[in-house]
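S.K.: Next input, structure requested:
(chains A and B)
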Amino acid sequence: MHPLLEVTQLSVFYGDAQAVWEVSFHVEKEKMVALVGANGAGKTTLLNTISAVLRPSKGRIFFLGEPLAHHKPEDVVTMGISHVPEGRRLFSRLTVLENLELGAFPARTRPFFQESLDRAFTLFPVLKQRIDQQAGSLSGGEQQMLAIARAIMAKPVLLMLDEPSLGLAPVMVKLMFQIIQALNKEGATILLVEQNVHQALEIADYVYVLKTGKMELEGRGQDLIRNPDFQRAYLGMLG
Amino acid sequence: MSAFNAFMQILINGVLFGSMYGVAAIGLSLIFGSMQIVFIAQGAVIILAAYFTYWVFTLTGLDPFFCLILCLPVFMALGWGLYVGLFHKVARAGKNPSLLLAFGLMVLIENLMAFLWTPNTRAIRTSYTAIGLSVGPMQISFSRLMVFIISLAATGLVFLFMKKTLWGKAVRAASEDMGAAALLGISPRRVSGLTFAIGIALAGIAGVCTATTYPFDPYFGFLFSLKALIAVAFGGLGSVGGALLGGILLGLLESVGSYLISGGWADAISYAAFLLVIMLRPQGLFGQSTRAA
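M.R.: Numbers count the residues shown, from 1 in each chain, chains lettered A, B, ... in the order given. Okay, here's the model as predicted:
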């Protein structure tokens, strides 16, 4: 049995600068896996490579046992990987509803449009109240909700979230992680990129720690919390 | 004719003519949205469509307005082909190569037209060219009224397409953030090809309208591109209705300017207004202030 997503020996360059060095990891079906690490660790680069926004110079990515080699971003989402990018990237001049409609752009998802829309509004009731507002007029938290809702409109098999807590008020961060956890419990497989290490350890089944483009540590959340090296580096504890 | 009536006549002419600028401006604004460049060859394509209309009319006797039905699919296909065949590859290299390519395309089309059909001025004379409708003391040329109606209809159709259809929404989304659109499954190649097809089809409509109302020559197009650009600046980028209003405003400005001062001043006035708008209200007269253009 293959894992849902398998990344092997991946190296990625920006021009001459190498951002990711032979990184391997995998995501099992219905699990939540977190990639954590400081700024510049290569987390976003990994997500962008899986989405085919960037091309790896070495290594391979397998999704459902098949290699993602010559795909374009628009094919990857059709195959079942939805990516909520860094900074949310909503269409600010389009309404909430229009953003959600475009979330269901791939032809295979359109028959389920109403069902997906109802699900999005059940998860994020506030979006229903804002349905005809321009996305750019929403608060930061609402925008993050809309970004996640837009991604799940495509009925993804794997949902990749890039820093969903970034720039949000603490109470909103907590709510966001509750929602992500709920999505995971409903059966969504989630690959989460986070700088908020505490929260990520708490909710993820398995955690990979990246440092300047290399895989440094990996393990279950509760094991990493007890690892003295990890404590020193990421949890601000003096060992 | 009293001075008041004469002035009303000028206003009507300005509105009717300006609607044509508006159609050209919508095309320019759409293409800017997808490629982030001013498609400087828009005017040359308009004149190409005017020649297309001229030759269809001269060789087959087909009514020039009826020619629109022929012209639309031809120019949509031309737009799609230009994007998929030329601009898609160049766009990856950045904006400047695309801009240069558009400039080269303009020179090519202009000189090809001059070579094939001589640089002489052409005009279409139909049985109804001289017919005017009397509204009180004012005269409205039938051809120009048709142009106005066609322009409004074209604007309305584009507006509905952008607001009501999934592909229309994809075009708007892609003009904001092509990368984010691709992550949702919207193919940049297809959505830009579609945008280009609509933009060039609008140039086709403006060309048919030009051919039926004004004499033209192969080099008339560059001025048209400039006027469309001014109309876009008036209306604010990315707004279909704004581009039409911008065109009408420009038409008014020109016809009032040439009436009150002299014909030679009309262009100077419109360029001066263009500069003023760019300096004082870069988001356009009808644009939202939140829009960064």
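S.K.: Give me the helices and strands touching the lowest-mean-pLDDT helix or strand in chain B, please.
M.R.: None of the helices or strands of chain B scores lower by mean pLDDT, DSSP states H and E than strand B:132-135, at a mean of 80. On a contact count with 3 or more Cβ pairs under 8 Å, 6 or more residues apart in numbering or on different chains; DSSP states H and E, strand B:132-135 meets strand B:138-141, helix B:142-164. For every residue, glycine as well, the C-beta is placed using N, CA and C.
S.K.: so which of these gets nearest chain A?
M.R.: With respect to chain A, and counting by Cβ to the nearest Cβ, the nearest of the helices and strands packed on strand B:132-135 is helix B:142-164 at 9.0 Å.
S.K.: Okay, buried residues for that closest one please.
M.R.: By 16 or more other Cβ atoms under 10 Å in any protein chain shown, the buried positions in helix B:142-164 come out as B:143-144, B:146-148, B:150-151, B:154-155, B:158-159, B:161-162.
S.K.: And for stretch A:58-71?
M.R.: Going by 16+ other Cβ under 10 Å, stretch A:58-71 has these buried residues: A:59, A:61-64, A:68, A:71.
S.K.: What of stretch A:85-102?
M.R.: With burial defined by 16+ other Cβ under 10 Å, the residues of stretch A:85-102 counted as buried are A:85-86, A:88-102.
S.K.: CA-only coordinates of stretch A:150-157, as PDB, when you get a sec.
M.R.: As requested, C-alpha coordinates have been extracted for stretch A:150-157 and formatted as PDB (Å, rounded to 0.1, in the frame of the first residue of the first chain):
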ATOM      1  CA  ARG A 150     -12.300  27.800  -1.700                       C
ATOM      2  CA  ALA A 151      -9.800  25.000  -1.600                       C
ATOM      3  CA  ILE A 152     -12.200  22.400  -0.300                       C
ATOM      4  CA  MET A 153     -14.700  23.300  -3.000                       C
ATOM      5  CA  ALA A 154     -12.500  21.200  -5.300                       C
ATOM      6  CA  LYS A 155     -13.200  18.200  -3.100                       C
ATOM      7  CA  PRO A 156      -9.500  17.500  -2.600                       C
ATOM      8  CA  VAL A 157      -8.000  14.100  -1.500                       C
END
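S.K.: Now the host helix or strand of B:R190: buried residues?
M.R.: Taking DSSP states H and E as the definition, B:R190 sits inside helix B:188-213. For helix B:188-213, the neighbour count (16+ other Cβ under 10 Å) marks B:188, B:190-213 as buried.
S.K.: Tell me the gap between it and the middle of its chain.
M.R.: Taking the mean C-alpha point of helix B:188-213 and that of its whole chain, the gap between them comes to 8 Å (Cα atoms, centre = their mean, to the nearest Å).
S.K.: can you list the weak-confidence ranges in chain A?
M.R.: Applying pLDDT under 70 to chain A flags residues A:1, A:236-239.
S.K.: residues from it in reach of chain B?
M.R.: A:51, A:53, A:72-74, A:77-78, A:82-83, A:85, A:89-94, A:98-99, A:101-103, A:105-106, A:136, A:150, A:154 (Cβ under 8 Å from any Cβ of the partner chain).
S.K.: if you look at those, which of them are in strands?
M.R.: Those of the residues of chain A next to chain B mapping onto strands are A:82-83, per DSSP state E.
S.K.: can you pull the contacts of A:Q181?
M.R.: When contacts are counted by Cβ atoms under 8 Å, 6 or more residues apart in numbering or on different chains, A:Q181 touches A:32, A:203.
S.K.: Now do the SS call for the residue nearest the centre of chain A.
M.R.: Ranked by distance to the mean C-alpha position of chain A (Cα atoms, centre = their mean), the top residue is A:L161 at 1.8 Å. What DSSP: H, G, I helix; E, B strand; the rest coil gives for A:L161 is strand.
S.K.: of all the buried residues of stretch A:58-71, which two lie farthest apart?
M.R.: Distance extremes for the buried residues of stretch A:58-71: the farthest pair is A:G59 and A:L64 at 17.9 Å, using Cβ to Cβ.
S.K.: Quick check on A:G59: phi, psi?
M.R.: Taking degrees, to the nearest 10, you get phi 90, psi 170 for the backbone angles of A:G59.
S.K.: Check whether it really touches A:F25, as I assumed.
M.R.: No - A:G59 is beyond contact range of A:F25, at 11.1 Å (criterion: Cβ atoms under 8 Å).
S.K.: Quick one: name the residues of chain B near chain A.
M.R.: Proximity of chain B to chain A, by Cβ under 8 Å from any Cβ, involves residues B:166, B:169-170, B:172-173, B:176-177, B:179-188, B:238, B:290-291.
S.K.: again, only this time at 10 Å
M.R.: For chain B, the residues found near chain A under the criterion Cβ under 10 Å from any Cβ of the partner chain are B:163, B:166-170, B:172-177, B:179-191, B:238-239, B:288, B:290-291.
S.K.: Now restrict those residues to buried residues only.
M.R.: Of the members of the residues of chain B next to chain A, the ones counted as buried by neighbours, 16+ other Cβ under 10 Å, are B:168-170, B:172-176, B:180-188, B:190-191, B:238-239, B:291.
S.K.: where does the stretch 101-250 of chain B have low pLDDT?
M.R.: Where the stretch 101-250 of chain B is concerned, nothing drops into low confidence, which here means pLDDT under 70.
S.K.: Which helix runs longest in chain B?
M.R.: helix B:3-35 (DSSP state H).
S.K.: That one versus helix B:188-213: what angle between them?
M.R.: 160 degrees (axes from the mean of the first three to the mean of the last three Cα atoms, to 10 degrees).
S.K.: orientation of helix B:3-35 relative to helix B:142-164 in degrees?
M.R.: Orientation check (the same axes, to 10 degrees): helix B:3-35 against helix B:142-164 gives 40 degrees.
S.K.: Helix B:3-35 - what's its average pLDDT?
M.R.: For helix B:3-35, the per-residue pLDDT values average out at 90.
S.K.: Next, the buried residues of it.
M.R.: B:8-35.
S.K.: where's the residue lying closest to B:I40 once chain neighbours are set aside, which helix or strand?
M.R.: Nearest-residue entry for B:I40: B:A102, 5.0 Å, with adjacent residues in sequence omitted and distances by Cβ to Cβ, 6 or more residues apart in numbering or on different chains. Under the criterion DSSP H and E, the helix or strand holding B:A102 is helix B:95-117.
S.K.: Please compute how far that helix lies from its chain's middle.
M.R.: Distance, stretch centre to chain centre, for helix B:95-117: 17 Å (Cα atoms, centre = their mean).
S.K.: Can you name every helix or strand that that helix contacts?
M.R.: Applying 3 or more Cβ pairs under 10 Å, 6 or more residues apart in numbering or on different chains; DSSP states H and E, we find helix B:95-117 packed against helix B:3-35, helix B:42-60, helix B:67-82, helix B:88-91, helix B:221-235.
S.K.: I appreciate the help and will end here.
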